[in-house]
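Student: Using only what follows, build the 3D model:
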Amino acid sequence: MKYSSMTNSTDLDVLEVTVASPQGVNGKLHTLRLDLCMLSCEEKAPYGPPKHTAEMFIQLLKKTVEENPTSKVSTITICIYKVKEMNYPESFQKFNGVLLPGSISAAYDDEPWIDKLKDVIREELWTKKVPTLGVCFGHQLLAHAMPGGLAARCPAGFQLGHRVLNSLHSLEFDCDTISLLYSHGDYVKDLPTVASSIGGNADVPVQGAVYYHDSEDKKPVFVSFQAHPEYVSEGRELRTMRALAESRESTGALSKGEVESILRNVDENWDEINLHSIKIMTRACELLNWL
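Tutor: Sure, this is the predicted structure:
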């Protein structure tokens, strides 16, 4: 995929991509921009560096837009802010929404940058109804930041590879289960009072959530997934997923045989994982008014 990468006047990395098919609904041209802010939470691989993470998201978003015949989006941009350096936009209102991605850190860590980010979630994103998508650490931090929510160590251990999410409450999917890619050691133990689960499995009951300001709202303010739908942007090579597996092998957390089994399972279920990752991202974009 071709996209442009630039640094703006404030030394922020900005990625931009043009949608391949310029024709929209009934022959009308796509005319809208989707301008997103990514609050990067990690510098180190495999959850970083930030530009690599943004590249995966922008590729997935591009595919999501192109496969949606009703979308009018012509250009997608992601502006990267490094929150570990306390780097935030002056205003979130100039963006259509926020991406809150993964991190090696834990949502419950006692770190100044995490405390600051939790304040921003409550006082800026939630209060001002900024559409936000949280993934992995982002999913956990959204819960941990809001009243009643709690992130904790996953009692089932580190989850890596292909997993099946059941139920899919609130997403109005055309299937009962969905296959996605995961890499996490923490989970959402308790959901905030303003959130509802979209489903889970026996090991991780809350695999995703939607957050509504009140019961009358038709669209949520936050949508979050424990999974990493962006991983499929790298195609069947899955460089990031492989790097995660190999890093755990190098520390002795996984044996070579376990790594081979995880990667073989992903490869065997690739078509379904790829399809479902796009479908769940499409539904998130619909709920957040990003299409």
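Student: Show me the shaky parts of the stretch 151-291 of the chain.
Tutor: The model of the stretch 151-291 of the chain has pLDDT under 70 over residues 167-174.
Student: in stretch 144-163, what counts as buried?
Tutor: Buried residues in stretch 144-163, counted by 16 or more other CB atoms under 10 Å: His144, Ala145, Met146, Gly149, Ala151, Cys154, Gln159, Leu160, Gly161, His162, Arg163. For glycine as for every other residue, the C-beta is placed from the backbone atoms N, C-alpha and C.
Student: Make CSV out of those and add distance to Arg122.
Tutor: Putting the buried residues of stretch 144-163 into CSV (distance: CB to CB, whole Å) gives the following:
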residue, distance to Arg122
His144, 11
Ala145, 6
Met146, 7
Gly149, 11
Ala151, 15
Cys154, 24
Gln159, 27
Leu160, 31
Gly161, 33
His162, 34
Arg163, 30
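Student: Let me know the closest of those residues to Asp35.
Tutor: The shortest approach to Asp35 among the buried residues of stretch 144-163 belongs to Ala145, at 23.7 Å (CB to CB).
Student: OK, contacts around that closest one?
Tutor: By CB atoms under 8 Å, 6 or more residues apart in numbering, Ala145 lies in contact with Ala107, Leu117, Lys118, Ile121, Arg122.
Student: Of those residues, which is the nearest to Pro89?
Tutor: Set against Pro89, the nearest of the contacts of Ala145 by CB to CB is Leu117 (13.1 Å).
Student: Just give the nearest non-adjacent residue to the closest one, would you?
Tutor: Nearest residue to Leu117, sequence neighbours excluded (CB to CB, 6 or more residues apart in numbering): Val83, at 5.3 Å.
Student: hang on, isn't that neighbour packed against Lys116?
Tutor: Yes: the criterion here is CB atoms under 8 Å, and Val83 meets it with Lys116 at 7.3 Å.
Student: Look at these two and report which has more neighbours.
Tutor: Taking other CB atoms under 10 Å, Val83 and Lys116 do not tie; Val83 has more neighbours (20 against 14).
Student: Tell me where the protein has helices.
Tutor: 50-66, 112-120, 137-145, 239-250, 256-268, 270-287 (DSSP state H).
Student: Give me the neighbour count for the residue nearest to Trp126 when sequence neighbours are not counted.
Tutor: In space, and not counting its chain neighbours, Trp126 is closest to Val221: 6.3 Å by CB to CB, 6+ apart. Val221: 22 surrounding residues under other CB under 10 Å.
Student: Quick check on Val221: phi, psi?
Tutor: For Val221, the backbone dihedrals are phi -90, psi -40 (criterion: degrees, to the nearest 10).
Student: what sits against it?
Tutor: Val221 neighbours (CB under 8 Å, 6+ apart): Leu125, Trp126, Lys129, Val130, Pro131, Thr132, Tyr211, Tyr212, His213.
Student: what about 10 Å?
Tutor: By CB atoms under 10 Å, 6 or more residues apart in numbering, the contact set of Val221 is 97, 125-132, 142, 194, 210-213, 287-288.
Student: I'd like the distance between it and Ala20.
Tutor: Per CB to CB, to the nearest Å, Val221 is found 30 Å from Ala20.
Student: Ok, Val223 next?
Tutor: For Val223, the distance to Ala20 equals 25 Å [CB to CB].
Student: Compare those two (neighbour count), which wins?
Tutor: A direct count of neighbours by other CB under 10 Å for Val223 and Ala20 places Val223 higher, at 30 against 11.
Student: and the residue positioned nearest the centre of the chain, what are its bridge partners?
Tutor: Among the residues of the chain, the one closest to the centroid is Val135, at 3.2 Å (CA atoms, centre = their mean). Val135 has these beta-bridge partners by DSSP bridges: Phe225.
Student: So for stretch 82-95, mean pLDDT?
Tutor: Computed over stretch 82-95, the mean pLDDT rounds to 96.
Student: Run the chain-centre distance for that stretch.
Tutor: When C-alpha coordinates are averaged (CA atoms, centre = their mean, to the nearest Å), stretch 82-95 and its chain have centres 17 Å apart.
Student: Pull out the buried residues from that stretch.
Tutor: Neighbour counts over stretch 82-95 (16+ other CB under 10 Å) mark Lys82, Val83, Lys84, Tyr88, Pro89, Phe92, Phe95 as buried.
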